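**Student:** Structure of the sequence below:
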Amino acid sequence: FKTVTAVSALENPAEGKPDDIRCFNTLDTEAGAPPVVNAVPELFNRTGDPSNLERVYAYSCNVAFAQYALRLGADRMAETSAEFDIFAPRNAPETYGGFTDLPTVPSLQYKDAGFLNRPAALADTGFGQGQLQVTPLQMAMVAAAVGNDGWMMQPYLVEKITRPDGSVVVSRGPRAIRRAISSSIAAQMRKNMRAGVEYGFGTAAQQVSPSVALVGGKSGTAEHGAGTVPHAWFIAIAPVDKPRYAVAVMVENGRDGAGVGARLAGDVLKAAFDLEGQ
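**Tutor:** Predicted coordinates for the structure are as follows:
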């Protein structure tokens, strides 16, 4: 979800100040709330201090993305989330209409009314925690929109159904839901995603030979209850200069998106490019 927060900071540069950021060790948001912390101690040694959006994205600095969310405010964060069909509960359909082949639950930015009005809740949401409930399909669509010059496309499972005589019953092809982000912001996000794999925490995703395709990606580690092992997430696109594939990996209780998530995303992309060569 840091990808969505990054887009919001780029869409609202006066408020978000994407390249005026510091990766502190901790961030206090409100009295009585636990401070925001990074998964890796002393992360500013990697991001640089002060830093910029590319580096805090590549190294997944929780504290930086909490700051972005607090700068942007609840309304701007909600507007950007809605561009990617991540709904506020009051606007959520019973089933997600962007994918009709199977019944699919909608992705939600939060569950409880007024949740984002608390600074701690807004900060947590900015780096991908809080009450977020996002499906792997939706995150694949976010990655695809970045790769597709900002256009979010309608996914489908079956391309064509024909009768025995060859006549076509159903034919499916590319269909846009909407332009979720501008072409220029999509280009900036592809650069950020490439940084995540080139030198950040997603290096394990580069299973494809660099001579074949450069991969861009973003790790995620989703806590889902005290004492439980986090879910491992990774989204990826390739080739990053002109993407043809978008992947979302979610391993339940997989612990670390930069580990198993990135490796599996790289394996999927390598398989896709290997099939192209057959």
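
**Student:** any idea how far Ala204 is from the closest residue to Asn52 other than its chain neighbours?
**Tutor:** Leaving aside its chain neighbours, Asn52 sits nearest to Asp19 (4.1 Å; criterion: Cβ to Cβ, 6 or more residues apart in numbering). Just so you know, the C-beta spots here come from the backbone N, C-alpha and C atoms, and that holds for glycine as well. Separation of Asp19 from Ala204 (Cβ to Cβ, to the nearest Å): 27 Å.

**Student:** who has more neighbours, the two?
**Tutor:** Shown here are Asp19 and Ala204; by other Cβ atoms under 10 Å, Ala204 has more neighbours (23 against 15).

**Student:** Doesn't that one belong to a strand?
**Tutor:** No - counting by DSSP: H, G, I helix; E, B strand; the rest coil, Ala204 is not part of a strand but helix.

**Student:** if I pick the closest residue to it other than its chain neighbours, what's in contact with it?
**Tutor:** Computed as Cβ to Cβ, 6+ apart, the closest residue to Ala204 that is not its neighbour in sequence is Ala262, at 3.9 Å. If you count contacts by Cβ atoms under 8 Å, 6 or more residues apart in numbering, Ala262 has them with 197, 201-205, 217, 219, 234, 236.

**Student:** Point me to the helix or strand that includes Ala262.
**Tutor:** Element membership for Ala262, per DSSP states H and E: helix 262-276.

**Student:** For that helix, C-alpha coordinates in CSV please.
**Tutor:** Extracted as CSV, the C-alpha positions of helix 262-276 are listed here (Å, rounded to 0.1, in the frame of the first residue of the first chain):
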residue,chain,number,x,y,z
ALA,A,262,10.1,-11.1,-3.7
ARG,A,263,11.6,-14.5,-4.6
LEU,A,264,8.2,-15.9,-5.6
ALA,A,265,7.4,-12.8,-7.7
GLY,A,266,10.7,-13.2,-9.5
ASP,A,267,10.0,-16.9,-10.1
VAL,A,268,6.6,-16.1,-11.6
LEU,A,269,8.1,-13.4,-13.9
LYS,A,270,10.9,-15.7,-14.9
ALA,A,271,8.4,-18.4,-15.9
ALA,A,272,6.4,-15.9,-18.0
PHE,A,273,9.5,-14.8,-19.9
ASP,A,274,10.7,-18.4,-20.3
LEU,A,275,7.3,-19.2,-21.9
GLU,A,276,7.8,-16.3,-24.3
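
**Student:** Now a PyMOL select for only the buried ones of the contacts of Ala262.
**Tutor:** Buried residues among these (16 or more other Cβ atoms under 10 Å), as a PyMOL selection:
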select buried, resi 197+201+202+203+204+205+217+219+234+236
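
**Student:** Please tabulate the contacts of Ala262 in JSON lines and include distance to Leu27 and pLDDT as additional columns.
**Tutor:** Putting these into JSON lines (distance: Cβ to Cβ, whole Å; pLDDT from 0 to 100) gives the following:
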{"residue": "Val197", "distance to Leu27": "26", "pLDDT": "98"}
{"residue": "Phe201", "distance to Leu27": "19", "pLDDT": "97"}
{"residue": "Gly202", "distance to Leu27": "23", "pLDDT": "97"}
{"residue": "Thr203", "distance to Leu27": "26", "pLDDT": "97"}
{"residue": "Ala204", "distance to Leu27": "28", "pLDDT": "97"}
{"residue": "Ala205", "distance to Leu27": "28", "pLDDT": "97"}
{"residue": "Gly217", "distance to Leu27": "25", "pLDDT": "98"}
{"residue": "Ser219", "distance to Leu27": "20", "pLDDT": "97"}
{"residue": "Phe234", "distance to Leu27": "25", "pLDDT": "98"}
{"residue": "Ala236", "distance to Leu27": "28", "pLDDT": "98"}
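
**Student:** so how far is Phe99 from Gln154?
**Tutor:** Distance, Gln154 to Phe99, using Cβ to Cβ: 7 Å.

**Student:** Just give me how far the helix holding Ala262 sits from the chain centre.
**Tutor:** 19 Å (Cα atoms, centre = their mean, to the nearest Å).
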